[in-house]
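**Q** using only what follows, build the 3D model:
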Amino acid sequence: MLISLGIIIFLGAVSLIILFWGIATYNKLVTLRNRYENAFSQINVQLKRRHDLIPNLVETAKAYMSHERATLEAVTQARNLATQAGTAAAGKPGDPALMSALAGAEGQLGAALGRMMLVAEAYPDLKANQNMMSLQEELSSTENKVSFSRQAFNDAVMAYNVQREIFPSSLIAGGFGFQAAELFEIENPGEKEVPQVKF
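**A** Next comes the predicted model:
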């Protein structure tokens, strides 16, 4: 009788330990997921700021670059695509397809801005325009903030992915549907460079 009671107490204690471990692991995964989602919201704030600056930059340049309509339209179109991709990714940060689309759209926007800045070099009056210089300075500052925010997001995603993949946490992650999160990386090495906004 005592042996049976000892076995029951032992099994009960082991069950409680496993239960508490499962709860703690689940809570840690939720915390890490919330951390990378919050980090993405910081990227989203900076991208929105960047997207809001671009129309003013284009409007300022239009007055001087009337013969460069295609270049200005390419920037506007790339900005619109990047805004759409950012909105989609904000709904589900870390989703591989959405993060890839966002990285591609932001890369195209950076390339279009870079082309616009190269073309603008041929317009000395535009280079000297105070509004243009101010917008370029804000855009450059925002680009730096995007880079820092992206690094924080990628660090948070890495911590989450490591936790969900290690054993025995992977048992809880798989059982409760914790999917892998995607890093926010720009694939094309040329697109990793911040557009030069010097005049």
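
**Q** pLDDT weak spots in the chain?
**A** Applying pLDDT under 70 to the chain picks out residues 187-199.

**Q** run the last query once more with 50
**A** By pLDDT under 50, the low-scoring segments of the chain are 188-192, 199.

**Q** quick one: the helices in this protein?
**A** Remark: helices assigned in the chain by DSSP state H are 2-62, 69-91, 96-120, 124-128, 130-165, 169-175.

**Q** stretch 11-25: which residues count as buried?
**A** 22, 25 (16 or more other CB atoms under 10 Å). For the C-beta atoms, the positions are set from N, CA and C on the backbone; glycine is no exception.

**Q** return the distance of that stretch from the chain's centre.
**A** What separates the centre of stretch 11-25 from the centre of its chain is 36 Å, taken as CA atoms, centre = their mean, to the nearest Å.

**Q** just the CA coordinates of that stretch, formatted as PDB?
**A** The C-alpha trace of stretch 11-25 is given here as PDB (Å, rounded to 0.1, in the frame of the first residue of the first chain):
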ATOM      1  CA  LEU A  11       4.000  10.400 -10.700                       C
ATOM      2  CA  GLY A  12       1.900  13.300  -9.400                       C
ATOM      3  CA  ALA A  13       5.100  15.300  -8.700                       C
ATOM      4  CA  VAL A  14       6.600  14.500 -12.100                       C
ATOM      5  CA  SER A  15       3.300  15.500 -13.800                       C
ATOM      6  CA  LEU A  16       3.300  18.800 -11.900                       C
ATOM      7  CA  ILE A  17       6.900  19.500 -12.900                       C
ATOM      8  CA  ILE A  18       6.100  18.700 -16.600                       C
ATOM      9  CA  LEU A  19       3.000  20.900 -16.400                       C
ATOM     10  CA  PHE A  20       4.800  23.800 -14.900                       C
ATOM     11  CA  TRP A  21       7.700  23.400 -17.400                       C
ATOM     12  CA  GLY A  22       5.100  23.400 -20.300                       C
ATOM     13  CA  ILE A  23       3.400  26.500 -19.000                       C
ATOM     14  CA  ALA A  24       6.800  28.300 -18.500                       C
ATOM     15  CA  THR A  25       7.900  27.300 -22.000                       C
END
